[in-house]
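J.: give the three-dimensional model of this entry:
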Amino acid sequence: MRGFFIKNKIIHTLLKKEILDVLRDKKAVIMMLGVPLLLYPLIFFGVVGVMSSVQKKMDQRHYKAIIDANDNGALLKILKKYATDGDQSTGIIDAVSRADYPDPIKALSEEEIDVYVITEKNDTKDTYRIFYLSSKTNSDFAKSIVEMAAKELKLDITRERLEEVGLNSDIILEPIEIKSTDTSSKEQSIGKFLGMFLPILLVISLLLGTVYPAIDVTAGEKERGTLETLLTLPVTNAEIIISKFLTVATIGLISAGLNIVSIISIGIYIYRVMVSLNARLRLNMGHFNPAVLLTIMVIIVFSLFISAIVMCVTSFAKSFKEANNYITPLTIVVMLTGYVGFIPNMELTPKAALIPVANVILVIKNLFMFKYDFKIIAIVILSTFIYTVIAVFFLCRMYSSERLLFDEGRYGVQIFEKRKNMVKGGVPTSGDAWFVMAVVLVHVLYVGSLAQLKYGRFGVYIIQAIILVVPLVFAFYTKKDFKRSFSIKKTGLLSYLAGIVLMIGTILVGMIITEFMTLLFPDEASNVANALYVSLVGDNFWETLILTAVLPCVAEEMLFRGFLLSGFRSRFRAVYAILIVSVSFGLYHMSVVRFFTTALMGAALCSAVYYTQSIFPAMLMHFINNAIATANMYHPDVIERIFPIAYGDIQIIGLLIVVFIGILLIYAGLAILNRIHAKLIKQDVK
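T.: Predicted structure coming up:
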């Protein structure tokens, strides 16, 4: 990287240049800035108009019904009253003769009539059975009218029978009266409504507002061929990134602001109409001022975050089309996360305040419900800002890599090419790695989960088969070198011993991390332990060992430390490739409590493969870790004697000693592996 020193004057000049570049396309400006001011009013008034028209037609529509009820015309009398009393809000039921439709069920299915009503008698009471088509709107609406009439008839008959025996029907049918008094202020009621819908509108508006400028300043510049010229200027990478980043954030904020202005304008219009009809609905808008000011602060920080994330994604693309494909999954994730605001009783805890997007949604929701927890607000703003700094740093690193910026398609997904054009040999590309990881994840989530629900323990075999078969089939189809792609290579005994030392140290440190995470998430830890026990533990220890230790040490290693690691190493430096695979391995286990422990273990396994150039030490390490966990399920007394730290309370001194021993073993294992790696490099040079 050409320095990280930033000059304000250069930033100002580059920012001006980037904004002008983005705004040069007048059509894009109209779509990005002008449409929001017109879109929401058109949608609102259009939808309201169409719904009103449809409802009016539904209310005044005539529905055909065969009333074949043995009630001396009582039900039909009420239906006729609905049609003639001047109130047609329920719709009009026209009774037709049964003689005109010999087969009423067939007539109903062919939509010649809308409902068919009969009475069924038994020893104690009559039953009105209504035949209708729930899949047809008219039939369903007509059924609701008949039901309403039947309920009214039921009440009338009940009153008549009570009065016949000399009882007061009002006292019996309505022995108590229920009245509700809402003690919430009008501002609180409106705030609850705004807190549900406003956050997701803000988040989506910001996301959509940043997509076009982010694509233009990253993939667009590559496609136009102007990035090379920009990189030759006497400016640092940091200055280039900061200017692009501020451009995207600024335009995103403006676009989101216009979206919100449009929405607020509609809200003000509705509010004034309602107040003109009922003055008691008037609100004290000053109560919302603190919420609005704090929301603006949160949104500004979030705009920086979402801009950086979108730029990170689009920077991998080489064209507008490719960038749009990359941005679709991010949009889906953000939108799905945004719906957390609709979950009832979802509380914004200090832990939840660390979750990107969800924290912003929940904090804005709380603000408009007049919940001002400044500690939580500070956590949300600070954590979001930290995520932004990390993303910007990653962007700077990306723009310092010419191989990443100008890969010319060498790292795409090769499976979409014709097989006859594929060159035999080589290792997977990073695109292949991402693709295979996505395919495996989707199949494990859907096919594997369903298989485990249906077949129990046997479903775990299916999951492991998916994990192993997908990369193998992909490597075969794309003609990859299996030995290089999966690091299949013989290695010496010292490699296995070093791996064992490294794994024991990782287990010790991982235990401490797990204990700490259990304190933070006790319920999650209990659920994970119970789920593992129920799904994996059987009567036979050896069968469980195969299921939990033997199969994963082969299948998961072939995928993560084999295919994925070699794929990511083809594009990234070893440390970044190891980081990506380790994080993916942690996420694969889908547990907050186990994430850091499994990610740490993934890093140790990746390191073993990287230093020894062989996957077999990692397989042994993986087997040892899972075998210990399996033995703990069946023989906890033995494991307690070997690892007493896993049981009972431990003092701070003991904790520090265990951590120190674990780190020492990790260092020793890595040191031995590093020596092995150095010897391998010398052999390759010779």
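
J.: all strands of this protein, in order?
T.: For the chain, the strands defined by DSSP state E occupy 62-68, 92-95, 115-121, 126-131.

J.: tell me which strands and helices the shortest one is in contact with?
T.: Using 3 or more CB pairs under 8 Å, 6 or more residues apart in numbering; DSSP states H and E as the contact test, the elements touching strand 92-95 are strand 62-68, helix 74-84, helix 137-164. Any C-beta I mention is one placed from the backbone N, CA and C, and that applies to glycine too.

J.: reformat these as JSON lines; add distance to I176.
T.: Compiled in JSON lines, the helices and strands packed on strand 92-95 are given as follows (distance: least, CB to CB, whole Å):
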{"stretch": "strand 62-68", "distance to I176": "35"}
{"stretch": "helix 74-84", "distance to I176": "27"}
{"stretch": "helix 137-164", "distance to I176": "17"}
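
J.: okay, the ones you listed, which one's buried deepest?
T.: Highest mean neighbour count among those (mean count of other CB atoms under 10 Å): strand 62-68, with a mean of 20.

J.: before we move on, back to that, looking at the strands of the chain, which has the lowest confidence?
T.: Least confidently modelled of those is strand 92-95, at a mean of 83 by mean pLDDT.

J.: show me what counts as buried in that one.
T.: Neighbour counts over strand 92-95 (16 or more other CB atoms under 10 Å) mark 92-93, 95 as buried.

J.: do stretch 572-585 as well
T.: For stretch 572-585, using 16+ other CB under 10 Å, the buried residues are 572, 577-582, 584-585.

J.: closest to S276 out of those residues?
T.: S584 (57.9 Å; CB to CB).

J.: correct me if wrong: that closest one contacts L564.
T.: Yes: using CB atoms under 8 Å, S584 is in contact with L564, at 6.9 Å.

J.: shared neighbours of these two, anything?
T.: Here S584 and L564 share the contacting residues M437, scored by CB atoms under 8 Å, 6 or more residues apart in numbering.

J.: now G426: how far from K418?
T.: 17 Å (CB to CB, to the nearest Å).

J.: er, R98 actually
T.: Where K418 is concerned, R98 sits at a distance of 67 Å (CB to CB).

J.: ok, those two, which is more surrounded?
T.: Higher neighbour count among R98 and K418: R98, with 14 against 6, using other CB atoms under 10 Å.

J.: could you dump the buried residues of strand 92-95 into CSV with distance to G448 added?
T.: Converted to CSV, the buried residues of strand 92-95 look like this (distance: CB to CB, whole Å):
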residue, distance to G448
I92, 55
I93, 53
A95, 57
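
J.: which among those gets closest to L468?
T.: Nearest to L468 among these, with distances taken as CB to CB, is I93, at 63.8 Å.

J.: excluding chain neighbours, what is closest to that closest one?
T.: L79 (4.5 Å; CB to CB, 6 or more residues apart in numbering).

J.: how about the one you found, what does it touch?
T.: L79 neighbours (CB under 8 Å, 6+ apart): 65, 67, 93, 95, 145-146, 149.

J.: likewise for I379?
T.: Applying CB under 8 Å, 6+ apart, the residues contacting I379 are 350, 353-354, 359.

J.: can you pull the pLDDT of it?
T.: 89.

J.: got it, and Y647?
T.: Reading off the model, Y647 has pLDDT 52.

J.: kindly report the same for S169.
T.: S169 is given a pLDDT of 78.

J.: coming back round to it: got a winner among the contacts of I379 for most neighbours?
T.: N359 (26 neighbours).

J.: most centrally placed residue in this structure?
T.: Central residue of the chain (CA atoms, centre = their mean): V333, 4.2 Å from the mean position.

J.: would you mind measuring from that residue to I327?
T.: 11 Å.

J.: just F458 next, same as before
T.: F458 is 40 Å from I327, by CB to CB.

J.: between those two, which is the more surrounded one?
T.: More crowded of F458 and I327, by other CB under 10 Å: I327, with 21 against 11.

J.: how confident is the prediction for that one, by pLDDT?
T.: 83.

J.: then the one 5 residues further on?
T.: Note on I332: pLDDT of 81.

J.: for it, give its distance to K679.
T.: I332 is 48 Å from K679, by CB to CB.

J.: with F370 instead?
T.: Taken as CB to CB, the span from F370 to K679 is 67 Å.

J.: who's more crowded, those two?
T.: Higher neighbour count among F370 and K679: F370, with 16 against 12, using other CB under 10 Å.

J.: so that one touches K192, yeah?
T.: No: contact criterion CB under 8 Å: F370 and K192 do not qualify, at 9.6 Å.

J.: and A604, what does it touch?
T.: 502-503, 506, 621, 666, 669.

J.: same question for I513.
T.: 596-597, 600.

J.: same deal with V363?
T.: V363 neighbours (CB under 8 Å, 6+ apart): 298, 348, 353, 376-377, 380.

J.: surely I624 touches Y496?
T.: No: contact between I624 and Y496 fails when scored by CB under 8 Å: they sit 10.4 Å apart.

J.: ok, G492 to I676 distance?
T.: Distance from G492 to I676, by CB to CB: 8 Å.

J.: of those two, who's got more company?
T.: I676 (21 against 13).

J.: any idea how far L497 is from the more buried one?
T.: For I676, the distance to L497 - CB to CB - is 10 Å.

J.: likewise S582?
T.: 23 Å.

J.: could you do D103 as well?
T.: 84 Å.

J.: A603 too?
T.: From A603 to L497 the distance is 19 Å (CB to CB).

J.: next one: D123
T.: From D123 to L497 the distance is 85 Å (CB to CB).

J.: and for D71?
T.: 90 Å.
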